[in-house]
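Trainee: my questions concern the predicted model and sequence given below.
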Amino acid sequence: MTALNLPPAPLRTQSQKGRIQVFDVLRKRYVALTPEEWVRQHFVHFLVSLKKYPEGRMGNEISLQVGEMKKRCDTVVYDQNAHPLAIIEYKAPSVPITQKVFDQTWRYNLPLRVPYIIVSNGLQHFCCHIDYATGKGQFLADIPSYDELT
């Protein structure tokens, strides 16, 4: 897999029917190790180990209703009252972070109205804080710690 712009993560892998799987610490099960999953697992490890995000306040592959369509957020971060604080969208390292990626993430945010949107392809990471009172978003220089989100 591609080297990422994230700290190394102690990932557990196994081979199942000739395919490599990685243990997802949030879903508590093995999942297919795709390039996007490689990014997700490293980014979750980064959030938990360095940014102090509690594992119990994060979920992977969270289903949402967006208009008439069901969608899945890659990761949702919650506060202590189980209100969504941030959504995170991951792309494979080969996928550039473009306006189209932000538009997709924004659509996922419509039913949640989280104050933070994070996008990463493992090489580049972007975090936008949304102020719903003013209707403006501001890109942050760094991914905030969990305490900074709340």
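Mentor: Structure received. On a predicted model such as this, the values are computed, not experimentally measured, just so you know.
Trainee: from Ile20, how far off is the residue nearest to the spatial centre of the chain?
Mentor: By CA atoms, centre = their mean, the chain has its centre lying nearest to Ile88, at 2.9 Å. Using CB to CB, to the nearest Å, we find Ile88 at a distance of 23 Å from Ile20. Quick note: C-beta positions are derived from backbone N, CA and C, even for glycine.
Trainee: before we move on, the earlier item: elements contacting the helix or strand harbouring the residue nearest to the centre of the chain?
Mentor: Using DSSP states H and E, Ile88 maps to strand 84-90. Applying 3 or more CB pairs under 8 Å, 6 or more residues apart in numbering; DSSP states H and E, we find strand 84-90 packed against helix 35-49, strand 69-78, helix 99-109, strand 116-120.
Trainee: quick one: contacts for Asp131?
Mentor: Residues near Asp131 by CB atoms under 8 Å, 6 or more residues apart in numbering: 115, 137-138.
Trainee: of the residues you listed, which is the most crowded?
Mentor: Neighbour counts for the contacts of Asp131, by other CB atoms under 10 Å, peak at Pro115, which reaches 17 neighbours.
Trainee: from Glu89, how far out is it?
Mentor: In this view, Pro115 and Glu89 are 16 Å apart by CB to CB.
Trainee: show me how far stretch 121-134 is from its chain's centre.
Mentor: How far stretch 121-134 lies from its chain's middle: 11 Å, per CA atoms, centre = their mean, to the nearest Å.
Trainee: so what are the sheet partners of the least confident helix or strand in the chain by mean pLDDT and their directions?
Mentor: None of the helices or strands of the chain scores lower by mean pLDDT, DSSP states H and E than strand 58-66, at a mean of 81. Note on strand 58-66: by DSSP bridges, its sheet partners are strand 69-78 (antiparallel).
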